[in-house]
Structures are given as C-alpha cells and as structure tokens.
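Asker: dropping a prediction and its sequence here:
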Amino acid sequence: MASARATATPPTTGAAPIPWEDRPAGSSALVWRSSRNPIIPRDAIPRANSIFNSAVVRFGDGFAGVFRVDDTRRVMNVHAGRSADGVAWEIQHDPIAFLPADPRVRELQERFEHAYDPRVTWLEDRFYVSWCTGYHGPTIGIGWTHDFEAFHQLDNAFLPFNRNGVLFPRRIGDAYALLSRPSDSGHTPFGDVFYSESRDLVHWGRHRHVLAPVPLSWQSTKVGAGPTPIETDDGWLLVYHGVLTSCNGFVYSMGAALLDLEEPWRVVARTSGYLLSPQVAYEQVGDVPNVVFPCAALVDLDADRLTVYYGAADTVTCLAHAHVSEVLALLRS
Ligand code: BMA
C-alpha cells in the first residue's frame, strides 16, 4: 500500500469514491482506460468545438473542475464544472471571468488572447488554478478559488513564452513551487521541465532544471508536467506527457517520474517506456491526432487507486486508471 501525507489531499465534506474501474480481465496493462471513455464529449455544452485537457479535484460532497473548452470560433477558454461522481459533469456554459486579485492584474486582462490547459491544486487554504494564458504570447496564469464560482487572478508567473505550468500542493521548504516548460510562441518542437519557487505566488525565481527529453524514445521531442504532483513516501509522483516527432507530426504519450521530496528538481526515477500512448480511436482521431494529455489525477491511497483525467486528440476528455503501488514499484525497479 502506498502511503501519503496529509497535504496531498484537499479537504472533503463527503466521501464520494473517486471514479474507478478494475483492470480488465486478461489485461496486464499498468494503466488502463475507462470503458466509459470519452467521459466528456466534444459538444457537451452549446458552442463547444472540443472539451479536453481539463483538471478536476475532490470538492464538497463530490468533485469540481476547470475545463478547457475551445468554442466554435476556436477561441480557447476555461470553464468551471461540478460533478457528483467525477464522471458525469455539468460544465458552465460561460467561461470563467477572473476577478483581479490585485488592481494591477487588470492590465493583463485588457486584451484576452486565450486560456487553456488548466490545472487545479489544493494548496494550504484554497484551490489554485494554473493555465496557459496569453499576454503578448503564451505564458502561465495563476488564480484561485474557494468555491468554483468566484475566481481571482494573480499576476502571471513568467514572461512569455511558457505554455505548461503545474503547482506543487504544498510549500517546499518555505517556498511555493511550480513546474513549467519554457517554450516558443507556437507548437514548440523542444521543451524541458523546470522548477521555480516563490514566496508570494507572484514573483518566481531560483529556476532549476528537472526533466529533459530522452533521445530516440517516446519522449524525444519535449516533456511537460501533467497533474499536480502526488506526495508519497517514495517522492513526488509526477505523471507527465512526453512527445515524439513522427513523419506525420507530434505524438503525445504519458509517463511518470519520481522527484525528490525536499529537492523536487532532483529526479529519482522515470519510466523508460510510456504508460499510455494514443492507441484507440478517440486518441488517434480528432482535431489533433495522436494525443493523450494528462492534466489531473485523483488518488485514493488507502484503496491504492489512481485515476488520471486526460485530453484525447485535443477533442474529448477521458479517464485512465492504475494502482499507485504498481506505478511506484515500476519506478523503483
Ligand atoms: C500542446 C498544447 C496542448 C495540446 C498539445 C497537442 O502544446 O497546446 O494543449 O493538447 O499541444 O496539440
């Protein structure tokens, strides 16, 4: 049984079990797909072109989330949603209207470019949202909410360009911590994961290198953090995406790494093979073919269950399951 620390889990008032299906009979897969996939179709709300790369957490008696919705204009934005069981979702039809947490944030909001690939992290006393925002190009936006109704926006974490930001669920030492991937303004054909720290969630520094692509592999082009890191006695379990460049374009798969608990820029282990790659129709066919892109994980460490939410083919939202102990055993092996 894997063990966790209290900070890894947001407070809940109810005990809704996380979505789960046992490994299919006869399968030896370490990670398996939900038979209910895709759990969110591309057109679940009016004027949606696609709903994918989305983040969910336990909230109240059930679950809440922030969803990436590209609309029929192909404007990318984030919407709040609620669910009793983590599978059937009610997603707000209107995007989140972030309130400036500081009057100076209004300057960032004067011209909307996009909001996409959200993550949600319980940190100390509230849920923080990080996402790819636009301010003269993509960079990392940070905001917070107590109730998934009012959302407050802090200043951007970085200069452009950076398109993938994931907060740790507790301070490391005295500092808040963020994983990100500096990039270019487009569909970056490179990318490493870096670690940054902050005392106030506004000013970020002490940047450290974490994870590089691996030549001649499923993660040879770029790598990026996925869900909020999960604290275990073995280290931070980081589910991440890795990308290779085939003759037909990028292929996005999912792997995992273990990061040192107190110095998370030090990688203890990482999977040499992928844990999930685009192999079924809804991952291979869509607006962007061959993409599995994990953005959230729900964990029940007592039951040894890990449920990952991932976007498939930049079109729909899906679930995959694994036993935490088996992923950690693979990483330790
Ligand atoms: C990444 C991001 C993701 C997307 C992926 C595949 O760079 O833009 O939102 O899922 O590309 O298109």
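Answerer: Sure thing, it's come through.
Asker: going forward, measure contacts between C-alpha atoms and count neighbours the same way
Answerer: Fine.
Asker: first vs last residue of stretch 292-310, how far apart are they?
Answerer: In stretch 292-310, first residue to last residue: 6 Å (CA to CA, to the nearest Å).
Asker: and it, what's buried?
Answerer: By neighbour count on 16 or more other CA atoms under 10 Å, the buried set for stretch 292-310 is 292-301, 305-310.
Asker: close to the ligand: what parts of the stretch 201-333 of the chain are there?
Answerer: V288, V291, F293, D314 (CA under 6 Å from any ligand atom).
Asker: ah, wrong one, I meant the stretch 1-150 of the chain
Answerer: Near the ligand, when you scan the stretch 1-150 of the chain using CA under 6 Å from any ligand atom, you find D117.
Asker: quick one: which two of the residues of the stretch 201-333 of the chain next to the ligand are the most distant?
Answerer: Farthest apart among those by CA to CA are V288 and F293. That separation is 11.3 Å.
Asker: mind listing which of the residues of the stretch 201-333 of the chain next to the ligand are in helices?
Answerer: Using DSSP state H, no member of those falls within helices.
Asker: just the residues contacting the one helix or strand C132 maps to, thanks.
Answerer: Secondary structure assignment for C132, by DSSP states H and E: strand 126-134. The contact list for strand 126-134 (CA atoms under 8 Å, 6 or more residues apart in numbering) reads 112-122, 138-146, 162-167.
Asker: what do you get if the cut-off is 7 Å, keeping everything else the same?
Answerer: 112-122, 138-146, 163-166 (CA atoms under 7 Å, 6 or more residues apart in numbering).
Asker: ok, that strand: who's next to it in the sheet?
Answerer: strand 115-123 (antiparallel), strand 138-145 (antiparallel) (DSSP bridges).
Asker: all strands of the stretch 151-300 of the chain, in order?
Answerer: Ranges of strands in the stretch 151-300 of the chain, per DSSP state E, counting those that start in this stretch, are 151-153, 162-167, 176-182, 193-198, 205-211, 222-225, 230-232, 235-246, 249-259, 267-270, 292-300.
Asker: possible to save those strands as JSON lines with mean pLDDT and distance to R104?
Answerer: Shown next, in JSON lines, are the strands of the stretch 151-300 of the chain (pLDDT from 0 to 100; distance: least, CA to CA, whole Å):
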{"stretch": "strand 151-153", "mean pLDDT": "98", "distance to R104": "10"}
{"stretch": "strand 162-167", "mean pLDDT": "98", "distance to R104": "21"}
{"stretch": "strand 176-182", "mean pLDDT": "98", "distance to R104": "22"}
{"stretch": "strand 193-198", "mean pLDDT": "98", "distance to R104": "19"}
{"stretch": "strand 205-211", "mean pLDDT": "98", "distance to R104": "21"}
{"stretch": "strand 222-225", "mean pLDDT": "98", "distance to R104": "29"}
{"stretch": "strand 230-232", "mean pLDDT": "97", "distance to R104": "33"}
{"stretch": "strand 235-246", "mean pLDDT": "98", "distance to R104": "33"}
{"stretch": "strand 249-259", "mean pLDDT": "98", "distance to R104": "35"}
{"stretch": "strand 267-270", "mean pLDDT": "98", "distance to R104": "37"}
{"stretch": "strand 292-300", "mean pLDDT": "98", "distance to R104": "29"}
